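Enquirer: model the structure of this input:
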Amino acid sequence: MGDSAATAETVTVSILDKEYRVSCREEERAELQASARLLHERMARIRASGSVIGLERIAVMAALNIAHELIQAKAELTRVPLEQEMLDRLQEKVQSALGELDTTDS
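Expert: Numbering: from 1, shown residues only. Next comes the predicted model:
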């Protein structure tokens, strides 16, 4: 996970009853463990559904689902500023129109 082997430590994570040793920096340990828990939960859910058989296929399906959610989240983050910009422009137009009404009423 980390880019510095000098400060890396080995962390053991368990995913679907299998243990994996992963090297990561100490400050990334909690994130690695949370990622492993998320992956374990997703893979366990897929395995329990019975629709996918085989550890490799389960892992690929879980990875695809997580990647899809990541792409959706990134797309949502890029939409928010655009929507806010559109709302700001609309508010400016409304304020301008109200200002013009005030000057015509005087």
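
Enquirer: count the neighbours of residue 35 for me.
Expert: 16 (other Cβ atoms under 10 Å). The way it works is simple: take the backbone N, C-alpha and C, and place the C-beta from them, glycine included.

Enquirer: now it: how far from residue 66?
Expert: From residue 35 across to residue 66, the span is 9 Å (Cβ to Cβ, to the nearest Å).

Enquirer: and residue 99, by the same measure?
Expert: 50 Å.

Enquirer: and if you look at residue 89?
Expert: Look at residue 89 and residue 66: by Cβ to Cβ, they are 36 Å apart.

Enquirer: which one of those two has more residues nearby?
Expert: Neighbour count, other Cβ under 10 Å: between residue 89 and residue 66, residue 66 has more, with 14 against 10.

Enquirer: what's the pLDDT at that one?
Expert: Residue 66 is assigned 96 on the pLDDT scale.

Enquirer: which helix or strand contains it?
Expert: helix 55-105 (DSSP states H and E).

Enquirer: how far off centre is that helix?
Expert: 16 Å (Cα atoms, centre = their mean, to the nearest Å).

Enquirer: what helices or strands is that helix leaning on?
Expert: The helices and strands touching helix 55-105, judged by 3 or more Cβ pairs under 8 Å, 6 or more residues apart in numbering; DSSP states H and E, are helix 29-49.
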